[in-house]
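**Q** Model the following, please.
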Amino acid sequence: HAARDLNERTRGLRSGILARLPLGVFRSVRRFQVTQLAARRRTPTLLLAQRAKFFSSLVPQQQVRTTWSSHFCKRSISTMSATEEELAQLEASVAEQGAKVRTLKKEKAAKEVIAEAVAELKKRKATLEDAKPKPWDRAPFEDLMRRRFIYAPAFEVYGGVAGFYDYGPVGCAIKANWISAWREHFVLEDNMLEVDTPAMTPEEVLKSSGHVDRFTDVMVKDLKNGECIRADHLLEDVMKARIANSKLTPEERNEAKRHHDQAGNYTKEELQELFVKYGIKSPQTGNDLSQPEDFNMMFASQIGPSGKNKGFLRPETSQGIFLAFKRLYDYNNKKLPFAGAQIGVAYRNEISPKNGMLRVREFQMAEIEHFIDPEDKSYPKFATVADVELPLLSAKDQVEGKPIVKRRLGDAVADGTIDNETLGYFVGRIMQFLVSIGCDVSKLRFRQHMANEMAHYACDCWDAELLTSYGWVECVGCADRSAYDLTQHALATKTSIEASIMLKEPIVKDVVVVNPNKKEIGTGFKKDSKVVMEYLTNVPEEQALAIEAALGDGGDGSITINVGDKELKLEAKHITSVERKTVKIHERKFTPSVIEPSFGIGRCIFCVLEHVYAVRENDEQRGYLRLPPLMAPVKCSLLPISNSPALAPIVADLKAEMTSLGVSSKVDDSGVSIGRRYARTDEIGIPFGVTVDLKSAEDKAATIRERDTTKQIRAPLEDIPLLVSRLSTGRMAWADAVEKYGLVAAVPEE
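**A** Next up is the predicted model:
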């Protein structure tokens, strides 16, 4: 029966049936009305196993993992897009019928005609309500997080401080696995250069980058108790409540949706107008609010005891990579493109931290700065992701109120929806990574920044957003930042931060060269002589001609030049001559552009945990985490069926063997029932459990239980460590293990 079931599921995969199911099919069984068989059998782990097995016959073994991710992305997104479109169609249908009912009443149509139209309206509303995602009960999930100490508020014994969290043993292991997977997927795959730079940053660095002046959020204050509230979040909450108000007209509801979606893009003045229009007060006290004002979110400090050297805890890790560019460029043998990467802690003094782990004041980031020639943004490996299909919400579609659409990545780059190949490559790789760590593909979208939220220097920017119980959450940003950051630091430090490439054919060019008088410049400008020499050596032709006109025959004998933030007076004695030459240029110098994927590690982990949380069928009290083995905090539990002295050596030998293979394991030899112990290991996402029973000492075998299906196989003790290693690393699928060893009757769980 098991073999026939597996064959049927394999045929289903090939025919595309499974590809139309969302990864979170168990939680969505009623909403999507899948069959009972699919609900019971087709778990995320088996999906992974079946896909890996199918593709292993088509591609070399080392390509199975990447190919599965790409194929999964490409085949599974249609469910989400269709659902978005269906909801939009149903809403339009309800609005159309509502308008028809109002028209009939206005025209005083026959009662039976109105009654028939009202009945149809109610029917359409019921259909719409059935199609909408059902509210998710967050309480059991949060209870699991705290009870098993995956994460919890910090400083609890002192009452806690908003915006700070502790990771427990399970949370630390999950985060370590996330970081390891990220390094393998990005750093190793694309030969990135990893750095680790200080969190404390001098003020002048962040002044140059713009953070000192512009790294702000808008807040309002309760005029009586002084409570600070982030203005755009307050507007979002008020608009969310208005959207849920059944008494609003469709026009009023659409207006509320627009304000909700655009809250983060409004200026202080626009926010104030909306606060007055809707009579928005303090949500806690009902008191009046102050005018919106800017609040800089960086934590300020002093470097050293003198108090003269001001610094900030970095609000992002990227600036350290930019400042290390010259050393990285030299390390890379002065070749572009290349990428710098950094994983580190960042700090933001949030106005009103909320939504658990999603908005905190100290958090870990993983950022990539990919440096490229601004005149060549192609990517040599783009073809490897060109066929990935993405759920895209472009800026144009947002303005027009259109739903998410699935697009082939290659097509989106070709028609300019995504600006260039390098940006598109990283968007595709981000998609594959998020799927591999357990994100539900039906709750994933890439949203393009709109014109009013795009940085003035950016060419294009896409956010990978994940749908949670708090709504859509930005977890990854992927932006083309042009050459802004390197240019700003070069101007501030008066140093050259450039790259160069050798030209295939030299360019012959007429140039105007200013020959400085080093002795007179040194005497006249002293400490500024170095920057003056550099300025004259690299002076543009237009300025060189202006210097010649001012200091040559017929000139007034002096000219003012701007060097950095200073105005300096240049006289004839500082110049020996101005020449016109014909030169051959063999290299082109430029300031590199930057493509920046930026990951919020805590946000990604939170969203994954929500996406993989599930409950056992017919037992809502048994919540558990369907984490992929890649992310599981422990790969295997070792469960002796009793405290018999004969079983202890077997468990110890298995643990030692697994440790030697790099497989983490956890022994649970408590006296509770085996079912209770299974539930405890399932809760924290352990994918496999080895049960050593009373027969094990005789037949030298033990059972292995798979978490999601709860099915079991029995394998020789000598095979188990390597078997669990292969299962937990994806080198072997659970279906293959079942095929090799066969299913056995499960150990009774109670």
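**Q** residues contacting the closest residue to residue 222 other than its chain neighbours?
**A** Counting by CB to CB, 6 or more residues apart in numbering, residue 222 lies nearest to residue 282, which is 4.4 Å off, once chain neighbours are set aside. No exception for glycine: its C-beta is placed from N, CA and C like everyone else's. Neighbour list for residue 282: 222, 227, 229, 288, 289 [criterion: CB atoms under 8 Å, 6 or more residues apart in numbering].
**Q** Who are the contact partners of the last one?
**A** When the contact criterion is CB under 8 Å, 6+ apart, the partners of residue 289 are 220, 221, 222, 223, 229, 275, 280, 281, 282.
**Q** PyMOL command for the buried members of the residues you listed?
**A** Selecting only the buried entries of the contacts of residue 289 in PyMOL, with 16 or more other CB atoms under 10 Å as the criterion:
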select buried, resi 220+221+222+229+275+280+281+282
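**Q** what helix or strand does the residue nearest the centre of the chain sit in?
**A** By CA atoms, centre = their mean, the chain has its centre lying nearest to residue 476, at 2.3 Å. Following DSSP states H and E, one finds residue 476 within strand 471-482.
**Q** Touching the following helix or strand past that strand from outside, list them.
**A** Later in the chain than strand 471-482, the nearest helix or strand by DSSP H and E is helix 484-493. Residues outside helix 484-493 that contact it (CB under 8 Å, 6+ apart): 204-205, 207-210, 318-319, 322-323, 325, 455, 457-458, 496-498, 564, 591-592, 594.
**Q** Just the buried ones among those residues, please.
**A** Buried among the contacts of helix 484-493 (16+ other CB under 10 Å): 205, 208-209, 318-319, 322-323, 325, 458, 497-498, 591-592, 594.
**Q** Now go through these and say which are in strands.
**A** residue 594 (DSSP state E).
**Q** From the buried ones among the contacts of helix 484-493, pick the one nearest residue 446.
**A** Nearest to residue 446 among these: residue 458, at 15.6 Å, using CB to CB.
**Q** Switch the buried ones among the contacts of helix 484-493 over to JSON lines; also include pLDDT and distance to residue 249.
**A** Shown next, in JSON lines, are these (pLDDT from 0 to 100; distance: CB to CB, whole Å):
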{"residue": "205", "pLDDT": "95", "distance to residue 249": "52"}
{"residue": "208", "pLDDT": "92", "distance to residue 249": "50"}
{"residue": "209", "pLDDT": "91", "distance to residue 249": "46"}
{"residue": "318", "pLDDT": "95", "distance to residue 249": "46"}
{"residue": "319", "pLDDT": "95", "distance to residue 249": "49"}
{"residue": "322", "pLDDT": "96", "distance to residue 249": "50"}
{"residue": "323", "pLDDT": "96", "distance to residue 249": "55"}
{"residue": "325", "pLDDT": "97", "distance to residue 249": "55"}
{"residue": "458", "pLDDT": "87", "distance to residue 249": "38"}
{"residue": "497", "pLDDT": "93", "distance to residue 249": "56"}
{"residue": "498", "pLDDT": "93", "distance to residue 249": "59"}
{"residue": "591", "pLDDT": "95", "distance to residue 249": "53"}
{"residue": "592", "pLDDT": "96", "distance to residue 249": "53"}
{"residue": "594", "pLDDT": "97", "distance to residue 249": "47"}
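**Q** follow-up on the earlier one: out of the contacts of residue 289, list just those in strands.
**A** 220, 221, 229.
**Q** doesn't residue 234 make contact with the first one?
**A** To tie it back to what came earlier, the one meant is residue 220. Yes - assessed by CB atoms under 8 Å, residue 220 is found in contact with residue 234 at 6.9 Å.
**Q** what about the stretch 551-700 of the chain, any weak spots by pLDDT?
**A** Across the stretch 551-700 of the chain, the stretches falling below the confidence threshold (pLDDT under 70) are 552-556, 564-565.
**Q** what about the strands in it?
**A** 558-563, 566-571, 575-590, 593-600, 613-616, 619-625, 636-640, 665-667, 688-692 (DSSP state E, counting those that start in this stretch).
**Q** Strand partners (parallel or antiparallel) of the first one?
**A** The reference is to strand 558-563. Strand 558-563 pairs in its sheet with strand 566-571 (antiparallel), by DSSP bridges.
**Q** So which bits of the strand it pairs with are buried?
**A** 568, 570.
**Q** repeat for stretch 381-395
**A** Applying 16+ other CB under 10 Å to stretch 381-395 flags 382, 384, 385, 386, 388, 389, 390, 391, 392, 393, 394, 395 as buried.
**Q** cool, stretch 540-553 as well?
**A** 543, 544, 547, 548, 550, 551.
**Q** any chance of these in TSV, with distance to residue 447 and secondary structure too?
**A** Output for these, formatted as TSV (distance: CB to CB, whole Å; DSSP: H, G, I helix; E, B strand; the rest coil):
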residue	distance to residue 447	secondary structure
543	44	helix
544	48	helix
547	50	helix
548	53	helix
550	53	helix
551	56	helix
